[in-house]
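Need coordinates for the following:
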Amino acid sequence: MLRFFLIFLVIQGVLFTAELTPPVQQYLVVPFTEGVAAVSAWIILLFDPQVVSQGKVIRDLQSGFAVAIEAGCNGVEATIVLVAALVAFPAPWLHRLWGVLIGFLAIQGLNLIRIISLFYIGQWSMKVFEWAHLYIWQALIMLDVLIIFLIWLRFLPKPGQEGA
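A predicted model of the protein is given here:
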């Protein structure tokens, strides 16, 4: 268990450090965040034609309310925590790869729900928006990472099974 924890910390340190470098920000994180904003706006447009996205900002044309998807709100950090846990845990590499892929999709799916809900909550009440943004959704996204990891553990092949 100590080995897992130390590897987990090292992988997180490497990935978080890499994420903060200007080239990774410019070529990966910023375009990804803009993509998250575009997908969120596209989903909102299915119900509300008064919405536009530009870069990382989603704006309601009628009310003028806008949200900007910043670092920590794009799901990248949650994904890094999950990837570090999956890679650090002793398991077959194919199983780890499936965990990363499915976990990434689950985190991003919940994050889209988060962004869209905050977009509407913010138009209703900024006080509730701040509370939901800073406390409720931060905890739910990290809880999502933990649940994904625990479900992934349940599907680990038993020792001696093929692919182990």
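
List phi and psi for residue 120.
The phi and psi values for residue 120, taken as degrees, to the nearest 10, are phi -80, psi -40.

What of the one 5 residues further on?
In this entry, residue 125 is assigned phi and psi values of phi -160, psi 120 (degrees, to the nearest 10).

ok, now residue 89?
The phi/psi pair for residue 89 (degrees, to the nearest 10) is phi -80, psi 140.

what's the nearest residue to it if we skip its chain neighbours?
residue 4 (5.9 Å; C-beta to C-beta, 6 or more residues apart in numbering). For the C-beta atoms, the positions are set from N, CA and C on the backbone; glycine is no exception.

what helix or strand does the one you found sit in?
Using DSSP states H and E, residue 4 sits within helix 2-20.

for residue 73, same thing?
Counting by DSSP H and E, residue 73 is part of no helix or strand.

Next up, the contacts around the closest residue to it other than its chain neighbours.
Spatially, and ignoring its direct neighbours in sequence, residue 73 is nearest to residue 115 (7.2 Å; C-beta to C-beta, 6+ apart). Applying C-beta atoms under 8 Å, 6 or more residues apart in numbering, we find residue 115 in contact with 36, 37, 40, 58, 67, 69, 73.
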